[in-house]
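A.B. asks: this one's structure only:
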C-alpha cells in the first residue's frame, strides 16, 4: 500500500479492513470525523502509533499541551509544519511499518 492508496480510499464509506487502529483513526480524521478518530486512538493508548495520531489530533484541535504529552508518549518530536504535512508523514510511516510487518 502507498499514501496514494490511502488517499484514494477516502472515497470509501469506511477504511479498508485489516488496517491498524492508528491508520484507521487517521483515515477518519481525513474524512473530517475527529471524534471517531479520537475514540479509536483512545482504545489503545499504550500503542506508540496511536499515541502519535493522538498527538496530531490534539494539535489539530488546538490543545497544544495535551498534544505535547502525546508526542512524548509516541517518542516523536512536536510537529511544527502544516497539519496536512503531518498527516501525510504519519500515514507514510504507518503504511511503511505495516508493509514491513507483512
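C.D. replies: Here it is on my side, so go on. Note that the coordinates shown come from a computational prediction; the quantities given were computed from them, not determined experimentally. Residues are numbered from 1 along each chain as shown.
A.B. asks: When you work out contacts or count neighbours from here on, use the C-alpha atoms and nothing else.
C.D. replies: OK.
A.B. asks: and the helix or strand that contains residue 69, what does it pack onto?
C.D. replies: Remark: residue 69 resides in helix 64-74, with elements defined by DSSP states H and E. For helix 64-74, the contact count by 3 or more CA pairs under 8 Å, 6 or more residues apart in numbering; DSSP states H and E identifies helix 48-61 as packing neighbours.
A.B. asks: Now do the helix or strand that comes right after the helix holding residue 69 against helix 48-61, angle only.
C.D. replies: Helices and strands here follow DSSP H and E; after helix 64-74, the next one along the chain is helix 83-101. Taking axes from the mean of the first three to the mean of the last three CA atoms, to 10 degrees, one finds helix 83-101 and helix 48-61 inclined to each other by 170 degrees.
A.B. asks: which secondary structure elements does helix 83-101 contact?
C.D. replies: Under the contact criterion of 3+ CA pairs under 8 Å, 6+ apart, the helices and strands touching helix 83-101 comprise helix 3-9, helix 21-30, helix 48-61.
A.B. asks: And for the nearest residue to residue 58 once chain neighbours are set aside, the neighbour number?
C.D. replies: Here the nearest residue to residue 58 in space, its sequence neighbours aside, is residue 67; by CA to CA, 6 or more residues apart in numbering that works out to 4.9 Å. The local packing count at residue 67 equals 24, with neighbours defined by other CA atoms under 10 Å.
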